[in-house]
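**Student:** just to be clear, the model below is a prediction. Sequence and coordinates:
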Amino acid sequence: MNVAPAIVVLGQNSVTVARKIISVLPGATLYGLEGRTSEVDVNFTNFGETLRELFVQGRPLIGICATGILIRTLAPVISDKRQEPPVLAVAEDGSAVVPLLGGLGGVNDLARRIAEALDVKPAITTTGDLRLGTTLLSPPPGYHLANPDDAKKFISDVLAGAQVKLEGIAPWLSNSKLPIDPKGDLTIQVTERLVTPTANCLVYHPATIAIAISGMIDDAVALVHQLLADAKLEKASVAGIFAPITAADTAIHTVASALKVPVRFFTPNQLESLLSQGYSPAQAAAIAATGTSPLSSPSANIAIAIAPQAIDPNTIGQPRGKLAIIGTGPGGSQWMSPEVKEILKSATDLVGYKTYLDLVGSLADGKERHESDNREEEARAKMALDLAASGRYVAVVSSGDPGIYAMATAVFEVCDRYAKPEWDSIDIHVAPGISAMQAAAAAIGAPLGHDFCAISLSDILKPWSAIAQRIAAAAEADFVIAFYNPVSKERTWQLAEARNILLRHRTPDTPVVLARNLGRPGQTVKAIALEQLTPASADMRTIILVGSTKTRTIKRRDGNIWVYTPRRYTEY
């Protein structure tokens with residue numbers, strides 16, 4: 001099971017049981033019926049459509065509901081048992097765990113894990129599983145069944161009394177209840193070699209092959225396939241791609257993607273001893289992964305080694321680090337995108353200004369928090385990159401949009417300035433958020449309805465002369481202007497000077513929107529005239545929108561007003 005399960009509940013009483021299941025299935029997503037559930041990951045309104053869509057996507061499904069509901073709902077999309085994901089029904093009170101579909105996808109193993117978490121016995125009815133103590137059709141991780149079409153008759157023959165000869169090493173088979181006999185009429189062969197299966201022989205390919213890559217390789221995928229073919233090795237036995245963490249070449253991930261295996265990295269300290277013995281970086285990585293000498297290779301940047309038994313790549317080296325720079329929106333969780341919520345759910349570490357981390361709320365539960373002062377952006381970026389380089393999944397948290405006066409630029413500035421080799425291995429992703437100027441505009445109408453620009457009044461990172469020049473240029477060009485960072489305790493005169501510059505090009509009654517604490521307790525959004533704008537009007541939690549000469553207001557009967565900038569410059 002390589003995909004995180006979806007747990008589907010129809011009522012609030014089921015959420016407690018769902019949380020127990022999630023405790024043993026990290027990464028699982030909790031789907032709840034809208035209006036009847038709360039504190040779930042995803043709300044849905046149509047149970048049937050949601051369930052069938054998840055099933056077709058290949059998501060393992062755990063329905064905390066009656067088995068009949070699941071069976072009738074999924075019946076129209078059930079077609080190929082080789083492709084169907086695991087589907088289980090769990091009683092609302094957690095008293096029963098019933099595997100329904102996905103025998104080839106490991107549904108019985110999943111049922112056992114869930115049942116253990118709920119302290120009940122799973123309702124497994126598969127005869128072979130019960131009598132043989134293992135599921136031959138669904139081998140454990142690290143083993144691939146090469147000829148599933150032969151398995152049905154094979155299992156029937158075993159259940160009828162046939163003996164099995166085991167060739168190769170597979171503890172899950174030798175420790176099972178299989179009738180193993182060196183003279184058996186049936187054979188189970190465990191090998192990473194290319195073989196031709198027969199009806200009386202089940203072939204399992206163990207994940208024993210490690211491919212190591214340490215630099216640029218032309219046509220890497222074709223070369224790897226050729227090397228495996230020349231050595232008569234089965235690609236299904238490739239456990240993973242291994243590399244020094246300083247070898248950040250696209251070939252590493254291209255080959256891993258083609259073979260559908262993970263990438264694992266070794267630090268210089270982990271390879272130091274092998275490198276000192278004269279092994280190339282690729283050879284050192286292959287040996288570190290398997291404990292055996294690599295096969296000969298035509299390229300110094302690639303090596304293949306075979307372990308004596310199946311290896312678990314998740315226990316070797318470290319994964320590729322991930323760094324997501326996210327925007328939570330101005331404040332309220334309702335402005336947080338589904339992408340950002342999913343990142344926060346998956347991340348191991350959160351890095352950011354304490355106020356912004358607090359805005360994440362319960363999504364920060366169970367994460368390592370790394371708080372810092374708001375002005376320590378470079379140090380914060382370095383910390384995040386170093387954490388990610390160690391294999392962590394780091395989320396750098398900004399309010400608003402991370403690319404607008406926020407941490408995305410800080411991270412890339414640090415990458416550019418310091419360029420540590422290990423940072424090149426990190427998967428960096430920017431997840432956008434609703435900016436403060438968008439939220440402020442939406443709260444009072446559409447003042448950004450025509451051409452606009454954004455200017456920060458902070459002169460900490462750029463001189464005031466540049467700021468003043470831009471204000472004058474934007475005012476002369478008749479842009480609506482969004483002012484970020486208008487006033488702080490140390491900076492008060494800049495806003496007054498900005499108003500004076502604007503008054504050279506705008507009338508005193510030009511609409512100005514002041515939006516403070518957007519999406520947070522104490523939110524205020526109001527409109528004033530440009531001539532009324534003073535440093536006392538704002539602080540660092542305020543976004544200011546200054547209208548163009550075309551910006552208009554609409555007074556409402558309740559005393560409030562709308563502010564908007566027309567899309568056309570012609571008069572009505």
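**Tutor:** Perfect, thanks for sending it. What you see is a predicted model, and the numbers here were worked out from it, not measured in a lab.

**Student:** by mean pLDDT, flag the weakest helix or strand of the protein.
**Tutor:** Least confident helix or strand of the chain, by mean pLDDT, DSSP states H and E, is helix 127-132 with a mean of 68.

**Student:** what's the first helix or strand after that helix?
**Tutor:** As assigned by DSSP states H and E, the chain's next helix or strand after helix 127-132 is strand 143-145.

**Student:** for L137, give its distance to L202.
**Tutor:** 10 Å (C-beta to C-beta, to the nearest Å). (C-beta placed from N, C-alpha, C; glycine too.)

**Student:** common neighbours of these two, please.
**Tutor:** L145, A151 (C-beta atoms under 8 Å, 6 or more residues apart in numbering).

**Student:** for those two, indicate the residue with more neighbours.
**Tutor:** A direct count of neighbours by other C-beta atoms under 10 Å for L137 and L202 places L202 higher, at 26 against 21.

**Student:** what about the helices in the stretch 101-250 of the chain?
**Tutor:** Per DSSP state H, counting those that start in this stretch, the stretch 101-250 of the chain carries helices over the ranges 107-118, 127-132, 151-159, 171-174, 220-230, 250-259.

**Student:** which stretch in these has the least confidence?
**Tutor:** Ranked by mean pLDDT, those bottom out at helix 127-132, which scores a mean of 68.

**Student:** tell me the confidence at D424?
**Tutor:** In this model, D424 carries a pLDDT of 89.

**Student:** so it belongs to a helix, correct?
**Tutor:** Yes: according to DSSP: H, G, I helix; E, B strand; the rest coil, D424 belongs to a helix.

**Student:** run a quick neighbour tally on it.
**Tutor:** 14.

**Student:** from P244, how far off is it?
**Tutor:** Taken as C-beta to C-beta, the span from D424 to P244 is 11 Å.

**Student:** helix or strand for the most centrally placed residue in the chain, which one?
**Tutor:** Closest residue to the average C-alpha location of the chain: I343 at 5.0 Å, with C-alpha atoms, centre = their mean. Using DSSP H and E, I343 maps to helix 338-346.

**Student:** quick one: buried residues of that helix?
**Tutor:** Using 16 or more other C-beta atoms under 10 Å as the test for burial, helix 338-346 gives V340, K341, E342, I343, L344, K345.

**Student:** what mean pLDDT does it get?
**Tutor:** Rounded mean pLDDT across helix 338-346 is 90.

**Student:** again with stretch 135-144
**Tutor:** pLDDT averaged over stretch 135-144 gives 85.

**Student:** who touches the spatially closest residue to G168 that is not a sequence neighbour in this structure?
**Tutor:** In space, and not counting its chain neighbours, G168 is closest to V190: 2.9 Å by C-beta to C-beta, 6 or more residues apart in numbering. By C-beta under 8 Å, 6+ apart, the contact set of V190 is Y143, L166, E167, G168, I169, A170, L173, Y204, H205, P206.

**Student:** same question for G445.
**Tutor:** Counted by C-beta under 8 Å, 6+ apart, G445 has contacts I554, W562, V563, Y564.

**Student:** neighbour-wise, which of those leads?
**Tutor:** V563 (25 neighbours).

**Student:** wasn't it part of a helix?
**Tutor:** No: with three-state DSSP as the criterion, V563 is assigned strand and is not in a helix.

**Student:** my guess is it meets P511, correct?
**Tutor:** Yes: using C-beta atoms under 8 Å, V563 makes contact with P511 at a distance of 5.1 Å.

**Student:** quick check: neighbours shared by those two?
**Tutor:** With C-beta under 8 Å, 6+ apart, V563 and P511 have common neighbours P447, A527, G547, T551, R552, T553.

**Student:** so where's the protein shaky on pLDDT?
**Tutor:** Scanning the chain for pLDDT under 70 picks out the ranges 1-2, 104, 127-131, 133, 248, 374, 571-572.

**Student:** the stretch 251-400 of the chain: strands as residue ranges?
**Tutor:** Per DSSP state E, counting those that start in this stretch, the stretch 251-400 of the chain carries strands over the ranges 263-266, 302-306, 318-319, 322-327, 349-353, 368-372, 393-398.

**Student:** now for those strands, which one comes closest to A89?
**Tutor:** strand 393-398 (31.9 Å; C-beta to C-beta).

**Student:** what number of residues lie near V87?
**Tutor:** 27.

**Student:** excluding sequence neighbours, find me the nearest residue to it.
**Tutor:** Per C-beta to C-beta, 6+ apart, closest to V87 is L101, 4.0 Å.

**Student:** list the contacts for that neighbour?
**Tutor:** Counted by C-beta under 8 Å, 6+ apart, L101 has contacts L74, I78, K81, E84, P85, P86, V87, V107.

**Student:** repeat that for 10 Å
**Tutor:** Under the criterion of C-beta atoms under 10 Å, 6 or more residues apart in numbering, the contact list for L101 reads 55, 60-61, 70-71, 74, 78, 81, 84-88, 107.

**Student:** separation between the residue nearest to G168 and A239?
**Tutor:** Counting by C-beta to C-beta, the gap from V190 to A239 is 14 Å.

**Student:** same check, this time on F265
**Tutor:** 15 Å.

**Student:** same question, A515
**Tutor:** Taken as C-beta to C-beta, the span from A515 to A239 is 54 Å.

**Student:** how about P421?
**Tutor:** Taking C-beta to C-beta, one finds P421 at 25 Å from A239.

**Student:** can you check T196 too?
**Tutor:** 23 Å.

**Student:** then S174?
**Tutor:** Applying C-beta to C-beta to S174 and A239 gives a distance of 20 Å.

**Student:** and the two? Which one has more around it.
**Tutor:** When S174 and A239 are compared for neighbours, A239 comes out ahead with 27 against 13, by other C-beta under 10 Å.

**Student:** close enough to count as contact, the more buried one and I211?
**Tutor:** Yes: between A239 and I211 there is a contact under C-beta atoms under 10 Å: 8.7 Å.
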